[in-house]
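K.L.:
Below is the sequence, then the predicted model.
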Number of protein chains: 2
Amino acid sequence: MEAVIADLLPPLRAAPARLHDAMRYASLGGGKRVRPMLAFAAGLVTNAEAKRLEVVATALELIHAYSLVHDDLPCMDDDTLRRGKPTLHVEFDEATALLAGDALQSHAFGLLAEHRLADDPAVQLEMIRHFAQACGSRGMAGGQAIDLESVGKALSLPELENMHIHKTGALIRASVLLGARCGDPLAQADLDRLDRYAKCVGLAFQVVDDILDEESDSTTLGKTAGKDKEAGKPTYTSLMGIPGAKRFAGELLADAQAAIAPFGPRAGRLAELADFIVKRNR
Amino acid sequence: MEAVIADLLPPLRAAPARLHDAMRYASLGGGKRVRPMLAFAAGLVTNAEAKRLEVVATALELIHAYSLVHDDLPCMDDDTLRRGKPTLHVEFDEATALLAGDALQSHAFGLLAEHRLADDPAVQLEMIRHFAQACGSRGMAGGQAIDLESVGKALSLPELENMHIHKTGALIRASVLLGARCGDPLAQADLDRLDRYAKCVGLAFQVVDDILDEESDSTTLGKTAGKDKEAGKPTYTSLMGIPGAKRFAGELLADAQAAIAPFGPRAGRLAELADFIVKRNR
């Protein structure tokens, strides 16, 4: 993914060089690459070509990277450490971080429109539409807005879940769906199975994030630990306790595995990834 | 356009309501709607359906609106007045302004993928690719980065032109091109004519902006006048003087008109718009 993303970003020597440098700083050199892995794993279910999956995976990762850059800005989480490095606005400056995030989003859509992702261009348009919805006010950006409004508030469990379904869940679901749609057509029932898997994995990812934020330290995480708690943000651990959150993550994992069981060995990578997401330590 | 944009934005009652409210505040209730007018005028050249042009025009205007919101943020131009109203981050807050801009961009791409804009979906993908390029690091966002780097520097005329070709020119060219591509296919030579028109009009727009910024007052402009000069930003008037800038705008207007003359009466609206852009007083 590192080489693929580097190759699909605008070249560093192209003007404006500082902006392109910032876009690379934000998206290369780290990250768990969960969304690309999910797209590739879902692509195995439908025999999707690696070339197509690379484009989808890069677009997903650029959106994820831009969201982190904007999320770290002083007017949002005001964070200085990300993936063990200074955040973009610390390394460059705020204005450049703002613009690099904006340009990463444009570039992601450009990639999805430029490269062939489906045999039928009409299917590709549907994929872009789904991707846009996952990014926008009823997806990731909307989730960040809900997050903002919830600081210092006592959220119920369904409200917390609603926030995460938008903030991280939408893009994770798009990762699985777009990866699968790069290959052979699936029946709606099969798409629904993949979506249930993605929904469970997306939530589990967040539950585990909250657990790690409580139990781990900044060096292991590569970002400031304990920050959410300090900011008075509601978390799964604050609502359920650490043992309750761990039990919930286990239930989500089992639900995700059950959803994809009918695919058999084709979904082997998806099954492994669900395990990885729940059992990771950073 | 006001009604069209209102209709194509996410409904205000949908959650997250505050974000949707901010998206509406940024894109409704004002603006010259130059990009929509250009898209509609170009669509007349190719008999494009109004329904398609409405979608393209809205997407263009949402990108324009998001760029103004981000441009007005404290880390960029730090402006408090826009279209005679408080800027978005003043009326709401900085984080909401950041997210509303982000979500407007996603929504613009979503519209272009969701609605039918061309008989051939492959053409529609090309339109989205072009649109993405006009928005991104080698288009509008890139122009803003060049603008940032040029503050306080002595730019040459070609350097100033390069900045504006990116910052405002790219989206204006996309307006004309996408509008035209909603209709009957055009030969490459005709697309080149439209592009020459759009390039001249885009530059003329900026030259006139600089003249108005010197000669007009904040009430007429609906934004803070004299701000660029104060910020030490290079302008056409600082490089050419006011009479020189007016002469240059006149030359660009003549060049734009010459480019579309072969289309005859079909390009009547484009011709009128070029006049309007150069002769406007705000």
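P.N.:
Looks like it arrived, so ask away.

K.L.:
quick check: mean pLDDT across stretch A:124-139?
P.N.:
When pLDDT is averaged over stretch A:124-139, the result is 98.

K.L.:
can it be found next to chain B?
P.N.:
Yes - judged by C-beta under 8 Å from any C-beta of the partner chain, stretch A:124-139 and chain B are in contact via A:Gln124, A:Leu125, A:Glu126, A:Ile128, A:Arg129, A:Ala132, A:Gln133, A:Cys135, A:Gly136, A:Ser137, A:Arg138, A:Gly139. (Each C-beta comes from the backbone N, C-alpha and C, glycine too.)

K.L.:
pLDDT below threshold where in chain A?
P.N.:
Chain A contains residues with pLDDT under 70 at A:218-231.

K.L.:
Flag every buried residue along the longest helix seen in chain A.
P.N.:
Ranked by number of residues, the top helix in chain A under DSSP state H is helix A:188-215. Residues A:190, A:193-194, A:196-214 are the ones in helix A:188-215 that count as buried (16 or more other C-beta atoms under 10 Å in any protein chain shown).

K.L.:
which residues touch A:Glu122?
P.N.:
Just so we're on the same page, residue A:122 is Ala rather than Glu. For A:Ala122, the contacting residues are B:Pro121, by C-beta atoms under 8 Å, 6 or more residues apart in numbering or on different chains.

K.L.:
quick one: which helix or strand includes it?
P.N.:
helix A:121-135 (DSSP states H and E).

K.L.:
Just the angle for that helix relative to helix B:121-135, thanks.
P.N.:
40 degrees (axes from the mean of the first three to the mean of the last three C-alpha atoms, to 10 degrees).

K.L.:
ok, and what's touching the next helix or strand along the chain from helix A:121-135?
P.N.:
Using DSSP H and E, the helix or strand that follows helix A:121-135 in sequence is helix A:140-150. For helix A:140-150, contacts defined as C-beta under 8 Å, 6+ apart pick out A:63, A:67, A:71, A:76, A:134-137, A:159-160, A:162-171, A:233-234, B:15-16, B:18-19, B:95-96, B:99, B:102-103, B:106.

K.L.:
May I have helix A:140-150 as CSV, with CA atoms only?
P.N.:
Provided in CSV are the C-alpha atoms of helix A:140-150 (Å, rounded to 0.1, in the frame of the first residue of the first chain):
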residue,chain,number,x,y,z
MET,A,140,-17.8,10.5,8.3
ALA,A,141,-18.0,14.3,8.4
GLY,A,142,-21.4,14.0,10.0
GLY,A,143,-20.0,11.6,12.6
GLN,A,144,-17.3,14.2,13.4
ALA,A,145,-20.0,16.8,13.8
ILE,A,146,-22.0,14.5,16.2
ASP,A,147,-18.7,13.9,18.1
LEU,A,148,-18.2,17.7,18.5
GLU,A,149,-21.7,18.1,19.8
SER,A,150,-21.3,15.3,22.3
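
K.L.:
ok, then the element right after it?
P.N.:
Immediately after helix A:140-150, counting by DSSP H and E, sits helix A:157-164.

K.L.:
quick check, distance from that next one to the centre of its chain.
P.N.:
17 Å (C-alpha atoms, centre = their mean, to the nearest Å).

K.L.:
Over to stretch A:196-206?
P.N.:
The answer for stretch A:196-206 is 11 Å, by C-alpha atoms, centre = their mean.

K.L.:
same thing with stretch A:162-179?
P.N.:
7 Å.

K.L.:
Could you work out the end-to-end span of that stretch for me?
P.N.:
End-to-end distance of stretch A:162-179: 24 Å, with C-alpha to C-alpha, to the nearest Å as the criterion.

K.L.:
which outside residues touch stretch A:262-273?
P.N.:
A:34, A:37-38, A:40-42, A:44-45, A:176, A:190, A:193, A:197, A:201, A:257, A:260-261.

K.L.:
again, but for stretch A:42-54
P.N.:
A:4, A:8, A:39-40, A:56, A:115-118, A:175-186, A:194, A:263, A:266-270.

K.L.:
Derive a PyMOL selection command for the buried subset of the residues you listed.
P.N.:
To isolate the buried members of the contacts of stretch A:42-54 in PyMOL, using 16+ other C-beta under 10 Å:
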select buried, chain A and resi 4+8+39+40+56+115+117+118+175+176+177+178+179+180+181+182+183+186+194+263+267+269+270
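
K.L.:
so of the contacts of stretch A:42-54, which ones are in helices?
P.N.:
A:4, A:8, A:39-40, A:56, A:175-181, A:194, A:268-270.

K.L.:
List the contacts of A:Leu125.
P.N.:
By C-beta under 8 Å, 6+ apart, the neighbours of A:Leu125 are B:Ala113, B:Glu114, B:Pro121, B:Gln124, B:Leu125.

K.L.:
Please identify which pair of those residues lies farthest apart.
P.N.:
B:Glu114 and B:Leu125 (13.3 Å; C-beta to C-beta).

K.L.:
Could you give the number of residues near A:Ala57?
P.N.:
27 (other C-beta atoms under 10 Å in any protein chain shown).

K.L.:
returning to what we had before: which among the contacts of helix A:140-150 end up buried?
P.N.:
For these, buried by 16+ other C-beta under 10 Å: A:63, A:67, A:71, A:76, A:134-137, A:160, A:162-171, A:233-234, B:15-16, B:18-19, B:95-96, B:99, B:102-103, B:106.

K.L.:
Quick check: phi and psi at the closest residue to A:Ile63 other than its chain neighbours.
P.N.:
The shortest distance from A:Ile63 to any non-neighbouring residue, by C-beta to C-beta, 6 or more residues apart in numbering or on different chains, is to A:Ala108 (5.1 Å). Main-chain torsions, A:Ala108, degrees, to the nearest 10: phi -60, psi -50.

K.L.:
burial count for A:Ala108?
P.N.:
So A:Ala108, with other C-beta under 10 Å, has 30 neighbours.

K.L.:
And it, how far from A:Ile172?
P.N.:
Per C-beta to C-beta, to the nearest Å, A:Ala108 is found 15 Å from A:Ile172.

K.L.:
A:Arg83 too?
P.N.:
Taking C-beta to C-beta, one finds A:Arg83 at 19 Å from A:Ile172.

K.L.:
For those two, indicate the residue with more neighbours.
P.N.:
A:Ile172 (28 against 16).

K.L.:
Could you give the separation of the helix or strand the more buried one falls within from the chain centroid?
P.N.:
Per DSSP H and E: A:Ile172 is located in helix A:170-181. Helix A:170-181 sits 10 Å away from the centroid of its parent chain (C-alpha atoms, centre = their mean).

K.L.:
Could you do stretch A:67-75 as well?
P.N.:
15 Å.

K.L.:
what residues does it touch?
P.N.:
A:26, A:76-80, A:82, A:87-89, A:94, A:97-98, A:100-101, A:104, A:140-141, A:144, A:171, B:73-75, B:93-95, B:98-99, B:102.

K.L.:
Convert that stretch to PDB, retaining C-alpha atoms only.
P.N.:
Taking C-alpha atoms only, stretch A:67-75 is exported to PDB below (Å, rounded to 0.1, in the frame of the first residue of the first chain):
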ATOM      1  CA  SER A  67     -10.000  13.200   8.100                       C
ATOM      2  CA  LEU A  68      -7.100  12.700  10.600                       C
ATOM      3  CA  VAL A  69      -5.400  15.900   9.400                       C
ATOM      4  CA  HIS A  70      -8.500  18.000   9.900                       C
ATOM      5  CA  ASP A  71      -9.400  16.200  13.100                       C
ATOM      6  CA  ASP A  72      -5.900  17.000  14.600                       C
ATOM      7  CA  LEU A  73      -6.300  20.800  13.800                       C
ATOM      8  CA  PRO A  74      -6.400  23.200  16.800                       C
ATOM      9  CA  CYS A  75     -10.000  24.000  16.200                       C
END
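
K.L.:
Could I get the contacting residues of A:Leu111?
P.N.:
A:Leu8, A:Val55, A:Thr58, A:Ala59, A:Leu62.

K.L.:
Give me the nearest residue to it, chain neighbours excluded.
P.N.:
A:Leu111 sits nearest to A:Ala59 (C-beta to C-beta, 6+ apart), 4.9 Å away.
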